[in-house]
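pasting the sequence and the predicted model now:
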Amino acid sequence: KPLVFSGVQPTGNLHLGNYLGAIRKFVALQENNDCIYCVVDLHALTAQLVHEDMQTQIRSITAAFLAAGIDPKKHIVFNQSQVPQHAELAWIFNCVARLGWMNRMTQFKDKAGKDREQASLGLYAYPSLMAADILVYRATHVPVGDDQKQHLELARDIAMKFNLDFHDKIVPTGLGIDIKVGEEPVHAYFPMVEPLIDGPAPRVMSLKDGTKKMSKSDPSDLSRINLMDDQDAISKKIRRAKTDPDALPSEVDGLKGRPEADNLVGIYAALADKSKADVLSEFGGQQFSVFKPALVDLAVEVLAPINAEMRRLMEDPGHIDAVLRDGGERARTRAEKTMNEVRDIIGFVR
Ligand code: ATP
Ligand code: MG
């Protein structure tokens with residue numbers, strides 16, 4: 001079975017972008033894959049060091065995974081800090097990755113802001129830890145939002161350089177796998193990861209600005225729909241969402257140059273499991289005064305059961321912690337196997 005890995009940071013309220021871009025795909029992938037889903041708490045330190053409510057945040061992301069329908073018995077759910085092998089492999093990847101590669105990362109530029117000298121070294125090295133998260137399980141498929149595409153390309157670059165630089169050490173260990181690089185077969189240790197970024201809403205945009213992605217860390221709560229928002233909040237936020245004055249077009253082409261309209265149609269399509277074209281064939285020619293209430297109803301219908309189940313799960317933190325401990329143990333066993341092989345390939349004494 002293909003091995004799927006993905007993670008979500010405990011950095012704030014989960015929103016519709018996290019759900020449509022990531023968590024909903026996690027759920028669907030369980031059927032035909034072996035899945036590992038991680039609350040990436042080490043990553044949460046990169047942008048802000050001290051978190052007053054770190055434990056609550058970790059539990060609430062876990063609750064969202066479970067409430068959305070992830071099965072922690074058939075698959076693995078855990079928090080990253082319980083598996084120190086992630087950080088260990090990240091160190092090795094820090095020595096594989098080149099400064100020139102890291103300097104191209106747009107997430108660093110966005111998150112570091114104007115005063116780059118004050119950004120943490122961890123924020124800069126973030127993509128290297130992310131590569132380690134995936135490759136410590138030698139996972140091949142990674143469901144993420146569109147914003148993570150560049151980091152996954154970097155993970156491939158890191159895997160490829162490791163494979164090529166250690167090629168002569170990998171061969172005698174017999175641990176390698178045959179992968180294709182273009183048409184060329186290469187004997188490798190780490191697989192090439194494939195991002196899974198599809199669907200009508202791979203990048204859900206802010207409700208206040210159709211050119212900015214919806215983010216947990218956006219200071220304006222009106223910019224996003226949180227998974228924990230109740231019906232009133234969802235309704236208020238969608239009614240206040242920025243739009244243009246025109247009616248909806250009848251064809252997808254007509255959404256060009258209308259980022260806010262495009263975003264709301266994409267959200268509707270993703271929530272309804274339809275294409276944007278289907279949604280426009282239903283709502284083309286209608287005003288936002290008609291479309292927005294329909295979107296509110298649909299969002300409430302999809303999110304209310306998840307919201308209720310999250311609240312129920314959050315009442316029993318002991319249960320959530322037990323899920324994470326059990327997942328952590330199983331993840332550690334797998335990660336340690338990889339690390340032993342990596343230590344042998346590099347030539348450490350053990
Ligand atoms: P932060 O602002 O702290 O980075 P975030 O909202 O970007 O938070 P992450 O934990 O960094 O959330 O990302 C978790 C997953 O959600 C990733 O797969 C990411 O690609 C996806 N994701 C985040 N924002 C969006 C969005 N606006 N649209 C679609 N997917 C998204
Ligand atoms: Mg993010």
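All right, it came through fine. Ligands and ions are numbered 1, 2, ... in the order given.

could you pull out the helices for the stretch 51-200 of the chain?
Using DSSP state H, counting those that start in this stretch, the helices found in the stretch 51-200 of the chain span residues 54-68, 85-96, 99-102, 106-112, 121-135, 149-165, 167-173.

low pLDDT regions in this structure?
Scanning the chain for pLDDT under 70 picks out nothing.

contact residues of it facing ligand 1?
8-9, 11, 17-18, 21-22, 144-145, 147-148, 203-204, 213-217 (Cβ under 6 Å from any ligand atom). Placement of C-beta: from N, CA and C, glycine included.

is it true that residue 10 lies in a helix?
No - according to DSSP: H, G, I helix; E, B strand; the rest coil, residue 10 belongs to no helix; its state is coil.

count of neighbours near it?
Residue 10 has 24 neighbours, counted by other Cβ atoms under 10 Å.

tell me how far the closest residue in space to it that isn't next to it in sequence lies from ligand 1.
Of all residues not flanking residue 10 in the chain, residue 57 sits nearest, at 3.6 Å (Cβ to Cβ, 6 or more residues apart in numbering). Going from residue 57 to ligand 1 by Cβ to the nearest ligand atom, to the nearest Å gives 10 Å.

now do residue 285
Distance from residue 285 to ligand 1, counting by Cβ to the nearest ligand atom: 28 Å.

can you pull the contacts of that residue?
Residues near residue 285 by Cβ atoms under 8 Å, 6 or more residues apart in numbering: 247-248, 250.

on that earlier part again, verify the stated contact: the residue nearest to residue 10 with residue 40.
No - using Cβ atoms under 8 Å, residue 57 makes no contact with residue 40, being 11.3 Å away.

overlap in contacts, those two.
residue 10.

okay, now the domains of the protein?
3-200+317-346, 229-313 (automatic domain parsing).

output these as CSV; include the columns distance to residue 223.
Putting these into CSV (distance: least, Cβ to Cβ, whole Å) gives the following:
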stretch, distance to residue 223
domain 3-200+317-346, 9
domain 229-313, 9
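
helices along the stretch 201-350 of the chain, start to end?
Under DSSP H, counting those that start in this stretch, the stretch 201-350 of the chain gives helices at 231-240, 259-272, 276-283, 288-314, 317-346.

picking that back up, buried among the residues of the chain next to ligand 1? Make that a PyMOL selection.
In PyMOL, this line selects whichever of the residues of the chain next to ligand 1 come out buried by 16 or more other Cβ atoms under 10 Å:
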select buried, resi 8+9+11+17+18+21+22+144+145+147+148+203+204+213+214+215+216
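
perfect, I'm done here.
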